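Undergrad: just coords:
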């Protein structure tokens, strides 16, 4: 019964009637219909039209929803959620545009439990129900939510079993001595007739030369120097290192032995019981005797605590030959610093003029100082380059570059170098006097890069569709056709990746140098994160030679003053000079630049 005006309730609380919250209006029902197929075969069989027709009828007559929108991904796998229409749909769900997400089957969304769980949390957050027609799941009910999770567990199991079936096929081929699509080693080329690598007469000369010189010199490092002196390149046009020479010596493929599944994903050797080894499987380049002799020498060198044939190189100092003294311009020498409590023993660098008693006042600097400083400065540069624009103030860029605890002592970056860095990031020109009103340099390869990127995505999708067609389709292709087409697609994909690397000016790396690739991949991914980078962790994860190669590829020289990094000169010619809070005077800049050049 409604209360009369002037009731006791209104008298005691006069605001009760005036500020009573309005009734919540019911939300208009609107469904997002998502349809997906993973192979072109399924698209041709009208799988997408069938899903759409079924779902439109279902939401109209079962859910009483008239308003809907269809999101369609054709030719995409369910192994992850990196699909354009799916991402567009989720973005609009986050904007509260839909009350229901409707699919034909639950695995149309994902076969990965983690991906689905993350998506489901977002749906709950935005009051959007998930409905699957075939399984009859509606997550607006407790039973539907529980059953959805159970079914998805089995969907993920099916995906893992698919991977196991593919692995079994690859093992079966390896046991027959057939090629499984690995990178072809130097000395061999692909034969379409035999569907297997055959000896390349010209490259085979390089392999024989490496074995002969290693047996003579007994040092992989000296062999790499020898190859560089004779302008000999790796299979992909890269420079030889001691690591790539060792990989050739250790590879039994050159004596005619086929080896498969001999390393883990981290690069460690697997037990012999897990490896597939087939002797006399193909034409060798060197004899069993020569291979065994070279490997015996390498075994002996590996057992020695000090390799007497490595020019007394006992330790890799990451920043050696990169550092110069601010006071006298001398290249700084390197040695071992004292061990720390956790067992970590960094390098220390000192001015070599001390040895000539010239009285240089410069103090030594340790990896503990220079490593975190340089690594985090590179990280700040990468992050700044992603956000800087023509509207960005130069002072703002300076704050980005000096962000973090390792730069708390730095007052500012010398202005000329800072302006050069700004122009380089915004206009792609490494000159402080660049005029942004002038025409920028043409980039004729951009169109080709876009085309190649599109081609790469096409081949990746084609490989995924081919595998699904072979494994799941009743009218699929034979094993022979599958292997042949897979090899052709992988060759095309490799060719596209190689061309992209050439256009972007990236020096192609040898396939055997997996550790160096892993190092570069790790550091480049870490640089884009917004947290402080742990230099000591990087040293523990990767060997110091790989880290040295990485820093040498980016940095030309660094100037050191009184145990601190005074200036960094990069490979592209940029020079950044750091002025610390306890420094004054214009002479600081001139001396630092002269020392770094």
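TA: Arrived safely, thanks for sending. Computed from a prediction, not measured in an experiment: that's the story for all the values here.

Undergrad: where in the stretch 301-450 of the chain is pLDDT low?
TA: For the stretch 301-450 of the chain, applying pLDDT under 70 flags the ranges 304-314, 343, 353-359, 428-447.

Undergrad: hey, where'd the helices end up in it?
TA: Using DSSP state H, counting those that start in this stretch, the helices found in the stretch 301-450 of the chain span residues 367-387, 394-401, 415-427, 446-472.

Undergrad: and those as CSV, adding mean neighbour count?
TA: Heads up, the C-betas are built off the backbone N, CA and C, glycines and all. Shown next, in CSV, are these (neighbours: other C-beta atoms under 10 Å):
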stretch, mean neighbour count
helix 367-387, 19
helix 394-401, 16
helix 415-427, 19
helix 446-472, 15
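
Undergrad: can you list those in TSV and add distance to residue 183?
TA: Below are the helices of the stretch 301-450 of the chain laid out as TSV (distance: least, C-beta to C-beta, whole Å):
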stretch	distance to residue 183
helix 367-387	29
helix 394-401	39
helix 415-427	35
helix 446-472	16
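
Undergrad: who wins for proximity to residue 68 among those helices?
TA: Nearest to residue 68 among the helices of the stretch 301-450 of the chain is helix 446-472 (27.5 Å), distances taken as C-beta to C-beta.

Undergrad: coming back round to it: which one, of the helices of the stretch 301-450 of the chain, ends up nearest to residue 273?
TA: Nearest to residue 273 among the helices of the stretch 301-450 of the chain is helix 446-472 (28.2 Å), distances taken as C-beta to C-beta.

Undergrad: what secondary structure does residue 290 sit in?
TA: In three-state terms, and counting by DSSP: H, G, I helix; E, B strand; the rest coil, residue 290 is helix.

Undergrad: that one against residue 215, yeah?
TA: Yes. Residue 290 lies in contact with residue 215 (C-beta atoms under 8 Å); the separation is 7.4 Å.

Undergrad: who has more neighbours, the two?
TA: Ranked by neighbour count (other C-beta atoms under 10 Å), residue 290 and residue 215 place residue 290 first, with 18 against 15.

Undergrad: how confident was the prediction at the more buried one?
TA: Note on residue 290: pLDDT of 92.

Undergrad: ok, it - contacts?
TA: 211, 215 (C-beta atoms under 8 Å, 6 or more residues apart in numbering).

Undergrad: ok, it to residue 233 distance?
TA: Using C-beta to C-beta, to the nearest Å, residue 290 is found at 23 Å from residue 233.

Undergrad: quick one: closest of the helices of the stretch 301-450 of the chain to residue 177.
TA: helix 446-472 (21.6 Å).

Undergrad: out of the helices of the stretch 301-450 of the chain, which gets nearest to residue 331?
TA: helix 367-387 (14.8 Å).

Undergrad: what is the closest one packed up against?
TA: The helices and strands touching helix 367-387, judged by 3 or more C-beta pairs under 8 Å, 6 or more residues apart in numbering; DSSP states H and E, are strand 347-351, helix 394-401, helix 415-427, helix 514-527, helix 535-541, strand 555-561, strand 564-570.

Undergrad: please redo it, this time with the cut-off set to 6 Å
TA: Where contact means 3 or more C-beta pairs under 6 Å, 6 or more residues apart in numbering; DSSP states H and E, helix 367-387 is packed against helix 394-401, helix 514-527, helix 535-541.

Undergrad: the ones you listed: lowest mean pLDDT?
TA: Looking at the helices and strands packed on helix 367-387, the bottom one is helix 514-527 with a mean of 52.

Undergrad: residue 565 contacts residue 371, doesn't it?
TA: No. Counting by C-beta atoms under 6 Å, residue 565 sits too far from residue 371 to count as a contact (10.3 Å).

Undergrad: could you break this protein into its assigned domains?
TA: 31-165, 188-303, 316-443+513-597 (automatic domain parsing).

Undergrad: to residue 499, which of those lies closest?
TA: Of the domains of the chain, nearest to residue 499 by C-beta to C-beta is domain 188-303, at 12.2 Å.

Undergrad: contacts only, for residue 170.
TA: residue 180 (C-beta atoms under 6 Å, 6 or more residues apart in numbering).

Undergrad: quick one: residue 189 is in a helix?
TA: No. Residue 189 is assigned strand when assessed by three-state DSSP, not a helix.

Undergrad: leaving out the residues flanking it, which one is nearest to it?
TA: Among residues not flanking residue 189 along the chain, residue 200 sits closest, at 4.2 Å (C-beta to C-beta, 6 or more residues apart in numbering).

Undergrad: and the one you found, how many neighbours?
TA: 18.

Undergrad: the one 3 residues further on now?
TA: When counting by other C-beta under 10 Å, one arrives at 16 neighbours for residue 203.

Undergrad: again with residue 163
TA: 10.

Undergrad: now it: which helix or strand?
TA: Assigned by DSSP states H and E, residue 163 belongs to helix 142-175.

Undergrad: tell me the gap between that helix and the middle of its chain.
TA: 26 Å (C-alpha atoms, centre = their mean, to the nearest Å).

Undergrad: same thing with stretch 108-126?
TA: Using C-alpha atoms, centre = their mean, the offset of stretch 108-126 from its chain centre is 25 Å.

Undergrad: now do stretch 64-78
TA: The answer for stretch 64-78 is 32 Å, by C-alpha atoms, centre = their mean.

Undergrad: pull out the buried residues from it.
TA: Residues of stretch 64-78 classed as buried: 65, 68, 70, 71, 72, 73, 74, 75, 76, 77, 78 (neighbour count, 16 or more other C-beta atoms under 10 Å).

Undergrad: and what about the spatially closest residue to residue 64 that is not a sequence neighbour, helix, strand or coil?
TA: Spatial nearest neighbour of residue 64, excluding adjacent residues (C-beta to C-beta, 6+ apart): residue 29 at 7.5 Å. When classified by three-state DSSP, residue 29 comes out as coil.

Undergrad: a helix runs through residue 246, doesn't it?
TA: Yes. Assignment of residue 246 by three-state DSSP places it within a helix.

Undergrad: what's the pLDDT at it?
TA: pLDDT at residue 246 comes out at 91.

Undergrad: so it touches residue 223, yeah?
TA: No. Contact criterion C-beta under 6 Å: residue 246 and residue 223 do not qualify, at 9.3 Å.

Undergrad: show me which of the two is the more surrounded one.
TA: Taking neighbours as other C-beta under 10 Å, residue 246 and residue 223 compare with residue 223 leading, 26 against 19.

Undergrad: how far away is that one from residue 303?
TA: In terms of C-beta to C-beta, residue 223 sits 19 Å off from residue 303.

Undergrad: swap in residue 203?
TA: From residue 203 over to residue 303 the distance is 31 Å, taken as C-beta to C-beta.

Undergrad: returning to that earlier point: now the residue nearest to residue 64: how far from residue 38?
TA: Counting by C-beta to C-beta - residue 29 and residue 38 are separated by 30 Å.

Undergrad: ok, residue 451 next?
TA: For residue 451, the distance to residue 38 - C-beta to C-beta - is 25 Å.

Undergrad: looking at residue 29 and residue 38, which is more packed in?
TA: Taking neighbours as other C-beta under 10 Å, residue 29 and residue 38 compare with residue 38 leading, 24 against 16.

Undergrad: quick one: the more buried one from residue 583, how far?
TA: Residue 38 sits 62 Å away from residue 583, going by C-beta to C-beta.

Undergrad: cool, and residue 183?
TA: Residue 183 is 51 Å from residue 583, by C-beta to C-beta.

Undergrad: out of these two, which sits in the more crowded spot?
TA: For residue 183 versus residue 583, neighbours defined as other C-beta under 10 Å are more numerous around residue 583 (16 against 11).

Undergrad: before we move on, the earlier item: so for residue 275, which of the helices of the stretch 301-450 of the chain sits nearest?
TA: Of the helices of the stretch 301-450 of the chain, nearest to residue 275 by C-beta to C-beta is helix 446-472, at 25.0 Å.

Undergrad: okay, and residue 49 sits in which element?
TA: Applying DSSP H and E, one finds residue 49 within helix 47-61.
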